[in-house]
Structure formats: C-alpha cells, structure tokens
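Visitor: model this:
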Amino acid sequence: KYPRSFSKQLKDLTSRLLTPQNKRLGNCKEGWAAVCKHLWFSGFDWDGIENKSMPPPLKPVISRPHDYDEDSDLKLVDTEISSVPPCPGWWAKLPQIAAHP
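Guide: Next comes the predicted model:
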C-alpha cells in the first residue's frame, strides 16, 4: 500500500523498482536508461546532473570542510531549501513524499 500523496507514476516507478531482480526496471537491455525514461522523471534534467549545472535541492552546512566522517557536524539548513528555485522534476516532490511514512 502506498501513501495517498504518491502519484500514479510514482507508484508505478516504486513497484517496478521493488520487484524481483529478474523483473526489475533497469534490469533489461536498456539498463539504467529505462529508469531515466520512466514517466515520473519526465522533465528531469539528467544532463544538468551530469554536467553539475543543476542547483542542488539541499545544501549542507559543513563546519569542518575536510571532515566528512560520521562524527562531522553536517547539518541541513531549511532556509536554504526555499532559496533554490523550483526545478521541474523529482526533487521538488521530495518534501511531500518524505512527510508520509
């Protein structure tokens, strides 16, 4: 059963990823491209991810720039989320999805 906030496309993507490996989306001739082409990702800027031109949805505040271990003080600052312009794609939907268990 899926949360009510899940769209039809997200339910389809999730069910096709959470399936036995021999039937899983992406485990085919197209490979990862099959996942990227799924309707839920329509409008997502995969090239922007690859060439690092897409702004991140969340920017961590790092108090010790060279310390990335589990003891580091890595915190997400909510105020920075609203300063990122909305991107037509998956990450704009994350707050609604994450709010529902």
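Visitor: residues near Ser7, how many?
Guide: Neighbours of Ser7 under the rule other C-beta atoms under 10 Å: 14. For glycine as for every other residue, the C-beta is placed from the backbone atoms N, C-alpha and C.
Visitor: same question, Arg4
Guide: 6.
Visitor: again with the one 4 residues further on
Guide: The burial count assigned to Lys8 is 10, neighbours taken as other C-beta under 10 Å.
Visitor: if I look at it, how far off is Lys52?
Guide: 32 Å (C-beta to C-beta, to the nearest Å).
Visitor: same question for Lys29.
Guide: 29 Å.
Visitor: ok, Gln9 next?
Guide: In this view, Gln9 and Lys52 are 26 Å apart by C-beta to C-beta.
Visitor: so between the two, which is more surrounded?
Guide: Comparing Gln9 with Lys52 by neighbour count (other C-beta under 10 Å), the higher total belongs to Gln9, at 13 against 8.
Visitor: just to be sure, that one is in a strand?
Guide: No: Gln9 is assigned helix when assessed by DSSP: H, G, I helix; E, B strand; the rest coil, not a strand.
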